[in-house]
Each structure stands twice: as structure tokens, then as C-alpha cells.
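Visitor: give me a model of this one.
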Amino acid sequence: MNRRVRRKVARKSKGNVVQSSFPEVQDEVLDLEHQVQEAVDWKRLPDDTVIQLLSCLSYRDRASLSSTCRTWRNLGSSPCLWTSLDLRSHRFDASMASSLAPRCEHLQKLRFRGAESADAIIHLRAKKLCELSGDYCRKITDATLSVIVARHESLESLQLGPDFCERISSDAIKAIAHCCPKLNKLRLSGIRDVNADAINALAKHCPKLTDIGFIDCLNVDEAALGNVLSVRFLSVAGTTNMKWGVVSHLWHKLPNLIGLDVSRTDIGPSAVFRMLSLSQNLRVLIALNCSILEEDTSLSASKYKNKLLISLRTDIFKGLASLFFDNTNRGKNVFLDWRTSKNNDKDLNEIIPWLEWMLSHTLLRSAETPQQGLDNFWVEQGGALLLSLMQSSQEDVQERVATGLATFVVIDDENASIDCGRAEAVMRDGGIRLLLGLAKSWREGLQSEAAKAIANLSVNANVAKAVAEEGGIEILAGLARSMNKLVAEEAAGGLWNLSVGEEHKGAIAEAGGIKALVDLIFKWSSSGDGVLERAAGALANLAADDKCSTEVALAGGVHALVMLARNCKFEGVQEQAARALANLAAHGDSNSNNAAVGQEAGALEALVQLTRSPHEGVRQEAAGALWNLSFDDRNREAIAAAGGVQALVALAQTCSNASPGLQERAAGALWGLSVSETNSLAIGREGGVAPLIALARSEAEDVHETAAGALWNLAFNPSNALRIVEEGGVSALVDLCSSSVSKMARFMAALALAYMFDGRMDEYALVGSASESSSKSVSLDGARRMALKHIEAFVLMFSDPQAFAAAASSSAPAALAQVTEGARIQEAGHLRCSGAEIGRFITMLRNPSSVLKACAAFALLQFTIPGGRHATHHASLMLGLGAPRVLRGAAAAATAPLEAKIFARIVLRNLEYHQTEHTV
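Guide: Below is the predicted model:
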């Protein structure tokens, strides 16, 4: 896996933000940033500057900084710093609440997350609390909520959601009504049943209640809601089992109702018609994603003068503009235009914030549960609406919109698939710049949601390019250093997706992203899988680049990734850590990372253990890492000592029905280990021959190559060669040799067959009883004839008659060069042979079989072609073994086939070239 997208409304965070709609504060912050860049005597800063700095910090950092000196402690306790508190980023319990209580005397606004935080709120002793907002409320009970409202009688606003409040009932709503007479806003999500008694209690005891939201509830008493005469804004979005006949006959009589949200319900056209035509004060009715309503093609918003109907079939921006402005040519910035206008309409000043909140909520819910028929809406209006709402002055609206942008582009989370049309529409409408602006906020909730959106959008290569050009890499690298885990997690996810592009890897390194990602692993090593998987995934992508892989190692990445492979129990983290180690080890010729990974304590043992994981992705990446590591001689033996042979044979035996990726890496790792004769024998003894033969019959080209390579190495030993024959491997190798799409697979299959039938296996097979020897001899004869026939056919594929005739009649270098180019297998230049292997091919040049002579000469040609990675090494071995004399004999032999003669001449010419180069 190279990248990851996130669909769900997962986790939000906290902090304080400077909005673009407050330019005077923005200028002040920029001035502060300029001061910080210069030499500053922190002790002499003006008090108001220190307070401004403290206001930009989370409550934990603010409290920590206040402990540095007496002056800052006094300033850090200033009431203006503690009127608002966001507790969502860190664990908040009774102990923490008690420690903060002395500062919370003037606390007015509080945001929290989860049941534990809810239980701790009362310990803050914030009697002046006016606004309370919570999410992750599934486990909050009636008892907890009742105690909270009983201790905070000044509450004016209470919001719980958007996740469902499954354990809250009408009893808690009655407690709210009795305890909070000043309440003017109540929004609750996912209540199972809101009965008449609860709603009537609100109507009786909360005379100032103007904003009610019973969202995504199962049952709500419609008739009782008609009794809340004070209500101005009402939402039942997503609520089921509504009796729309009752609604249409009662709610239009509500004297103060100006805004109604029935989105994601089964409301029909008749109920909408009655509400809009009969309600005197109703100005806005939101009915987005209402399937029954949208079936009515005659639905038109223009029927209702001075009233706005928002649905999938209406032009939302045109409707908003016509309702709020005299000039309707406002485009898609209607909310921003309203905020910058001098509008004295009191109703509008209430409608706009309510509209922003409700629209952001409905759009997010619609994005979370994709439905057919919404594609056009998202492309034509939905995406632009999210971008317009992103400029809201309400932080919770901005967070939801950023999450909505992260969600609505996703098609398939598991396969990192997004809708490119939607993603590029966001880019064209300026969404990248807006999201990066939110990511630069100092409010951590906005940082994390904006970073998540940037991460998902960056799966698209064009959007990733735009993110990089707008400075997004530097911003994400900075956020990856955050002390807030959720912010760091989403930033790491953004770097993960951006690092897929080769053109972005260097920029991430230059921005300090590699060090930040490595530090993340050490910082959060025991704190969950999300941040660790994203950090390891990003490092895996970066490690695929030679230069970046060196920086990963220098930053301590080897130790960090091995630590994850050894200790982490989350399969996603294990998979990405193993992939990162595999990529680090893939640069053995250009840096020392391969050896460094092998020398890291416990690394090889951990990777061997991961090959036994129940998760295929983990097994695949662990096998891939062992494959790459086996290119180092010391690692090869250490892997075997750690039980690698047995583990990889077992893996090969169980992956016949696995993905081609796992099959390729399992066979590849055995190929790498089998370079050692000791390991080769061990693989044969452990039963590795049969599964490799099975993999050689795979339909995947890459699996052909690795299985053929492993069998080639195994066939060098006569006992293994005999096992290959006995397991039916000759037919599998013959099929590869004759029909594989991969030239390399055909080449190595031919070499394996050549090893098997050059005479050494025959000697080994004769050991035993006379009867057994006879039966084997008969079977070997048949296998030999079949093998030699296909080896010959393979070699002739590279023997152009015209070119060979020209080379035979001329000693001109050009004629030999033409044959070389026709015979060359490009990938064969990456193969590295031992002295014993080269010696065997030299000996094969004297074999009575003309087919084996031609095959040996052809192989030596591939190994010595100038420019090959190991050509000089092979030439040196051949010179040391006296190959020129044998080659000259083969080239001059009267009985040798023409192919053997020409190939031998080319090899001699190659050796002369390498000798000259070495001398120079």
C-alpha cells in the first residue's frame, strides 16, 4: 500500500484560531511572528503581548508555560485566557479538572470529548458556564448529563453530537428543562425517543429556547414540538418515523419559526408546500437529500416569495443571494459577502450562522453515507458549498466542512480510491489554498481536519502538485511536529500520500519531514496505530528514493522502524514498517542501509516472525524485506540462523492461492537465501522445492521470475536438482522456458534445466540400490530429452540467422555487436554469480551436448556484457578460472554449434574489454 484515505468522521482536536474574517487580529499575530524571528528578551515582553502568545496555546501548554516564572504564572491566570476551553485533544479526567478549577471561575464556553471528560466537567466548578458542546457522546448517560446541567444553571447553549447519544433519554431532556431556565439553544443527536413530556417541559421551563435540534433521532413527538412557541430555528434532520401530516398541520402555526431543517428525512412535497405557503414567518426550509421530495419534478423554489427552499433540485447559491441581497449576482461567496456587508437585518444575522451549521452537518452526513444520484450535486453545488462554508466564522462549522471535504471525495477507503472529478473541482475552486489556510491556524481541531482533507485530496496527482506548489509540504511537515497526536497523525497521512509522487520526496526531505516522521514514531510508539501507520507508510515511500533513504537512516529511521516491527501489534503498522525496511534495504549498491538494517538488534528475527502473521499484507512486506536483505552476505546467513529458511518455506507452501505480490516476495526471499549453498541445501531439506515448482506455474510474470531464480539456485546442487525432477519440476521449468512472457524467467528456467542435466545429477542419482537407480535413470533420460529440446529452442530465439551468418564470415566488431544486441536480456545484467557458478558454465562449454555448450556460452555472454551491474565482477572471476582458453577452444571447435562459437567469440571480446578497462 502506498497511500491512505480516510472516510469516517474520526477524531477532531482543539486549540485557538485566527480567522481570515478578523484581519486586525491576523495583523497582530504576524507582528508577533516577526518579533519572535528576531532576538527577544522574553522577560521584558509587554504583558499584553505575553497574554496574546498564551492565547494561541492549548490549555495544557498554557498551564505549562505559566509555570516558568512568577510573572508568567500571574499572566497565565488572566481571566480573559480562560473564558473558553477546548478539552478534546488530550485525556481529561477528574484529576485534570481539579487542577484547572482555580483558573475556570470565569469559564463561559467549553468543548469536550467522550464520557470520561463529561464525568470530569463538574470538577471544574465553572458556575458561569454558558456554552457546552461535546462529541463522542455514545457512552454519556442520563445521570451524567443530569448532574452536569444541575451544576451549570447558567447554560444557554448545549450541543451533543454529531455521533449518536444512545444512552440519553427523555428523562435527561426533562432534567435540562428544569435546571437550565436560560437555555436558548439545544441540539442533540441520536436520541432514541424524545417524548411529549420532555418537549413540553422545555416549552414550560425554558422560555428563551429559540433553537432546537433533535437530529438523527428515532422518534420525536411532532405534536409536542408544536407547543414550543418560542422556537425560531428547528431541525429534525435525519430523524425517522416523523408524521408529516401532523407536522404540516401544526408547525406552520409556530409564531416565531423562521428556519426549519428536514434534511435526510422522508418528507414529501405536500408537507413542504403547506409549511412554505401557510407559515407566516418561515424564511428558510432546508430539505437536502430527501428522496421522496426529490422525486417530484415539479418542485420549484420560485413559487414561494421571500422564502428559500434548499434542496438538491434548487440552485442553492442563487436562492441564498436572492434572499439576502438586492443584487443576486453574488456567485458562490454568498456567506462571505454577507459577513463583509453592512446588513442590519436582525433575522438574517440569526439565520446565517444557523444555516451554516445545519448545512455543514447535513453535507457531512451525506458525504459519510454515499448514495446514488448525488454525483451531480457534489460536482455542481456540494463541493462549492463546502468551500463557501469553510470561510465561516464558526470553528465547528469549519471543522465539519474540512471533514466533509476529506470524506466526499472518497470512493474506496481500503484501496485509497477517490473521485478525481470531485478532487479536481475542489482544486479549481480554490479549495487547496483555503484548506492550507485552516491548517496554518493555531486551533488544533482545524489543523487536524484540514490536514485530513489535504491528505485525501492529495491521492490525486494533480491535487498533490497543487498542494506542493501552494507550500503545503512545509505546512504538513510543521504539523507533523505537533504535540497533538491527532494533528500529527493527519499531517503524517498527508505526507504519506504526497510522498507517492517521486517529485515530492526531495521537497519533503528539505522541509524536515523525514526527521519529523521518525520523531513521531518515537514520540507515540505506545499510543495507538493511526499515527504510527501513517508515519511508517510515509517513510516507506520516501525510503524508495536513494537519497531520501540515506536521510531516513541518518534520522534514526532504522531503529524506529525495527522497533515497530518488533513491538507493535497492529497489522497496519507492521505492514508499513516492514515495507519501509524493505525499501531501505533495496539500495545495497549505493548506501549501507541494507547492512544497517541487518545489524539492528532484533530486526531479522522480527521480520522472520512477521512472515507468520495472519494478515497477508504483513506477510508480503516482511518477505519482501527479507528478500532485499538477503542480498547482503552477512544478512543472508543471519536470516537463516533466525529461522528464516523454515519460515519462508512454510510461507511458500501456504501462498499458492495468495496475491501475486505475496507469491513473488516469498519466492524472491527463497531465491535470495539460496545463493548460499548451505541455505540452498536447507531449503531442499525443508520441502521448499515443491512450493517453488507450484509458484513457477503461476500466471503472474513477476512470480515466474522469482520462482525460476530460486529453482535455478537450488538446481546447482545435484540433490536439489533430483528433488526438482521427482516433484515434477522439469515440466514446470520447460513451460517457463518456452512460454513465459518474461525473458528473465525463460532465461533462468533454461539455466536451471542446464544445471540439472549437465551430468552432475546423474552421478548423484546413481547412489542407491540397483533397481532404484535403473528406474531413476529411465525417468531422467526422458526428462533430459525434453529439457535439452526446450533449452535449444530458447537459445535459438536469440539467434538471428542473418546476423550469425555475417558474424561467422567476418571478424569485424560490428558483426559481433549486432549479435550481442539481438541476444541481450537487459535484466540479466543485474544477476550476480559466484565463482562456483561461473566455473560450472565454463565447464559446461566442454560438455558433449552441443545444446549445453550453446546455453553456457549464451549465459556467459549475458553475464559479461559491458554496462551490466556485475559484468566486471564476472569477467574477473572468469579470467581467474582460465576461461579464455576454454572459450577459444569452444569458438574453434569443429563440432560445436554455430551459436556456441559466435557467443564464445563475443564473450572473449567482452573479457578483453574488461581487462583493458581494469588496466586503464
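
Visitor: tell me the contacts of residue 426?
Guide: 383, 387, 405, 409, 432, 457, 463 (C-beta atoms under 8 Å, 6 or more residues apart in numbering). Yep, even glycine has a C-beta here, placed from its N, CA and C like the rest.

Visitor: the residues you listed in helices, which ones?
Guide: Under the assignment DSSP state H, these contribute 383, 387, 405, 432, 457, 463 to helices.

Visitor: ok, which pair from those residues is furthest apart?
Guide: Spanning the widest gap among the ones in helices among the contacts of residue 426 are 387 and 463, at 13.8 Å by C-beta to C-beta.

Visitor: between these two, which is the more surrounded one?
Guide: Using other C-beta atoms under 10 Å as the criterion, residue 387 and residue 463 rank with residue 463 on top: 25 against 20.

Visitor: who's in contact with that one?
Guide: 423, 424, 426, 427, 432, 457.

Visitor: 6 Å instead, please
Guide: Applying C-beta atoms under 6 Å, 6 or more residues apart in numbering to residue 463 gives the contacts 423, 427, 457.

Visitor: restricting to C-alpha, output the helix or strand harbouring the first one in PDB.
Guide: If you go by DSSP states H and E, residue 423 is part of helix 420-428. C-alpha atoms of helix 420-428 as PDB (Å, rounded to 0.1, in the frame of the first residue of the first chain):
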ATOM      1  CA  CYS A 420     -10.800  12.600  -9.300                       C
ATOM      2  CA  GLY A 421     -13.500  14.800 -10.700                       C
ATOM      3  CA  ARG A 422     -14.600  16.000  -7.200                       C
ATOM      4  CA  ALA A 423     -11.000  16.400  -6.100                       C
ATOM      5  CA  GLU A 424     -10.000  18.500  -9.000                       C
ATOM      6  CA  ALA A 425     -13.200  20.500  -8.700                       C
ATOM      7  CA  VAL A 426     -12.100  21.400  -5.200                       C
ATOM      8  CA  MET A 427      -8.700  22.400  -6.500                       C
ATOM      9  CA  ARG A 428     -10.200  24.600  -9.300                       C
END
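
Visitor: may I see the buried residues of that helix?
Guide: 422, 423, 424, 425, 426, 427 (16 or more other C-beta atoms under 10 Å).

Visitor: and these, which two are the farthest apart?
Guide: Farthest apart among the buried residues of helix 420-428 - using C-beta to C-beta - are 422 and 427, which lie 9.9 Å from each other.

Visitor: hey, where'd the helices end up in the stretch 51-200 of the chain?
Guide: Assigned helices in the stretch 51-200 of the chain, in chain order: 59-65, 70-76, 94-100, 114-120, 142-151, 170-179, 196-205 (criterion: DSSP state H, counting those that start in this stretch).

Visitor: could you dump those helices to a markdown table with mean neighbour count?
Guide: What follows is the helices of the stretch 51-200 of the chain, written out as a markdown table (neighbours: other C-beta atoms under 10 Å):
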| stretch | mean neighbour count |
| --- | --- |
| helix 59-65 | 17 |
| helix 70-76 | 16 |
| helix 94-100 | 16 |
| helix 114-120 | 20 |
| helix 142-151 | 18 |
| helix 170-179 | 21 |
| helix 196-205 | 18 |
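
Visitor: among those, which comes closest to residue 707?
Guide: Of all these, helix 114-120 comes closest under C-beta to C-beta, at 51.8 Å.

Visitor: show me what that closest one is packed up against.
Guide: Here helix 114-120 touches no other helix or strand, going by 3 or more C-beta pairs under 6 Å, 6 or more residues apart in numbering; DSSP states H and E.

Visitor: where's residue 599 relative to residue 629, distance?
Guide: 11 Å (C-beta to C-beta, to the nearest Å).

Visitor: residue 748 against residue 712, yeah?
Guide: Yes - counting by C-beta atoms under 6 Å, residue 712 is a contact partner of residue 748 at 4.5 Å.

Visitor: so for these two, which sits in the more crowded spot?
Guide: Applying other C-beta under 10 Å to residue 748 and residue 712 shows that residue 748 carries more neighbours, namely 31 against 24.

Visitor: just give the nearest non-adjacent residue to the more buried one, would you?
Guide: residue 708 (4.0 Å; C-beta to C-beta, 6 or more residues apart in numbering).

Visitor: that neighbour reaches residue 750, doesn't it?
Guide: No - contact criterion C-beta under 6 Å: residue 708 and residue 750 do not qualify, at 9.0 Å.

Visitor: residue 48 - how many residues pack around it?
Guide: That count, for residue 48 with other C-beta under 10 Å as the rule, works out to 11.

Visitor: make that residue 892, sorry
Guide: By other C-beta under 10 Å, 11 other residues sit near residue 892.

Visitor: can I get the CA coordinates of stretch 883-900 in CSV?
Guide: Output of stretch 883-900 as CSV, limited to C-alpha atoms (Å, rounded to 0.1, in the frame of the first residue of the first chain):
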residue,chain,number,x,y,z
ALA,A,883,38.1,-19.1,-19.2
PRO,A,884,39.8,-17.5,-22.2
ARG,A,885,41.5,-20.8,-23.1
VAL,A,886,38.2,-22.7,-22.9
LEU,A,887,36.3,-20.1,-24.8
ARG,A,888,38.9,-20.1,-27.6
GLY,A,889,38.6,-23.8,-27.8
ALA,A,890,34.8,-23.6,-28.0
ALA,A,891,35.0,-20.9,-30.6
ALA,A,892,37.3,-23.0,-32.8
ALA,A,893,35.7,-26.5,-32.2
ALA,A,894,34.6,-28.0,-35.4
THR,A,895,31.8,-30.0,-33.8
ALA,A,896,30.4,-27.1,-31.8
PRO,A,897,27.2,-25.5,-33.0
LEU,A,898,27.4,-22.1,-34.7
GLU,A,899,25.6,-20.4,-31.8
ALA,A,900,28.2,-21.6,-29.3
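
Visitor: can you give me the helices for the stretch 401-550 of the chain?
Guide: Taking DSSP H, counting those that start in this stretch to define them, one finds helices in the stretch 401-550 of the chain at 420-428, 431-439, 444-457, 461-469, 472-479, 485-498, 502-510, 513-523, 530-543, 546-554.

Visitor: TSV for these, including distance to residue 303 and mean pLDDT?
Guide: Formatted as TSV, the helices of the stretch 401-550 of the chain follow (distance: least, C-beta to C-beta, whole Å; pLDDT from 0 to 100):
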stretch	distance to residue 303	mean pLDDT
helix 420-428	31	91
helix 431-439	34	95
helix 444-457	37	94
helix 461-469	40	96
helix 472-479	45	97
helix 485-498	45	95
helix 502-510	52	96
helix 513-523	55	96
helix 530-543	49	96
helix 546-554	61	95
